[in-house]
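1. coordinates only, sequence not included:
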């Protein structure tokens, strides 16, 4: 059962989403609502339920029960909020489209770092706990996430959910790439595998058919590092 803090998170996510949609409903000139959801609504199930090398698409939903069992409350909140949004949109004839980004990497506009940017900063300082826990994961440039939102808003035929992802990497693959590309930072060359074999990927053909081309992993982390340097969080050779 969720604790009070988790219940507050769930309530905030669901009611926050519905409150926005209720406001949208009041606008008679509304054409479309684009919801920012998350790939965590797609990929979180018992690994045994996935066939090897499965490509997850927009028809896949994470298991609330599984997420609750391992206490990933962020994912539970995202799943329930998105499902509530689809139900509300259907009941109120709202043209809703959802964007499902993976782990968002790139420049940080604000000097105050959010959780994702803080996790990346930690990795570049040699802190490995978060990415060890993350395991295999999708990555996408923040500019591509913005482009995806614009694209599905402006394309008349856009419908349903859209996975927004550039590449899927295991934690070992990621740190090996980053350690080689950024040798002046104390990035480990490998991480322990605590999840066993993970081989899933994402089928992004739906958004690619609308014309979106994704930046590569190197570019997204290059931009992230330059941003962290500009905000004074990183300097070459410093742990």
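-> Noted; the coordinates are in hand. Note that the structure is predicted; figures quoted are calculated from it, not measured.

2. For residue 113, give me its contacts.
-> By CB atoms under 8 Å, 6 or more residues apart in numbering, the contact set of residue 113 is 121, 231, 233. For every residue, glycine as well, the C-beta is placed using N, CA and C.

3. and the first one, what pLDDT?
-> Which is residue 121. Among the per-residue scores, residue 121 shows a pLDDT of 96.

4. which residues does it contact?
-> 113, 228, 233-234.

5. could those go into a markdown table alongside secondary structure?
-> Listed next are these as a markdown table, based on DSSP: H, G, I helix; E, B strand; the rest coil:
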| residue | secondary structure |
| --- | --- |
| 113 | coil |
| 228 | helix |
| 233 | coil |
| 234 | coil |
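
6. Tell me the confidence at the residue minimising distance to the centre of the chain?
-> The centre of the chain sits closest to residue 102, judged by CA atoms, centre = their mean, with a distance of 2.8 Å. At residue 102, the model reports a pLDDT of 98.

7. next one: the one 3 residues further on
-> Note for residue 105: predicted pLDDT of 98.

8. got a list of what the residue nearest to it when sequence neighbours are not counted touches?
-> Nearest non-adjacent residue to residue 105, counting by CB to CB, 6 or more residues apart in numbering: residue 220, 4.0 Å away. Contact analysis of residue 220 by CB under 8 Å, 6+ apart lists 105-106, 139-142, 166.

9. Got a quick ChimeraX command for the buried subset of those?
-> Buried residues within the contacts of residue 220, by 16 or more other CB atoms under 10 Å, are selected in ChimeraX with:
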select :105,106,139,140,141,142,166
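
10. export the contacts of residue 220 to TSV and tack on secondary structure and distance to residue 125?
-> Shown next, in TSV, are the contacts of residue 220 (DSSP: H, G, I helix; E, B strand; the rest coil; distance: CB to CB, whole Å):
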residue	secondary structure	distance to residue 125
105	strand	16
106	coil	19
139	strand	19
140	strand	23
141	strand	22
142	helix	21
166	coil	24
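
11. which of the contacts of residue 220 lies closest to residue 159?
-> residue 140 (20.9 Å; CB to CB).

12. ok so, going back, ok, now how distant is the residue nearest to the centre of the chain from residue 178?
-> 17 Å (CB to CB, to the nearest Å).

13. what does residue 92 give?
-> Residue 92 is 45 Å from residue 178, by CB to CB.

14. Looking at those two, which has the bigger crowd around it?
-> Taking neighbours as other CB atoms under 10 Å, residue 92 and residue 178 compare with residue 178 leading, 23 against 12.

15. Which strand or helix spans that one?
-> Here residue 178, judged by DSSP states H and E, is contained in helix 171-181.

16. ditto for residue 109
-> Going by DSSP H and E, residue 109 is not in any helix or strand.

17. Check it and give its pLDDT.
-> For residue 109, pLDDT reads 90.

18. For it, what are phi and psi?
-> Backbone torsions for residue 109, taken as degrees, to the nearest 10, come to phi -70, psi -40.

19. any idea how far residue 95 is from the residue in the chain sticking out farthest from the centre?
-> Going by CA atoms, centre = their mean, the residue of the chain most distant from its centre is residue 28, 31.8 Å out. From residue 28 across to residue 95, the span is 13 Å (CB to CB).
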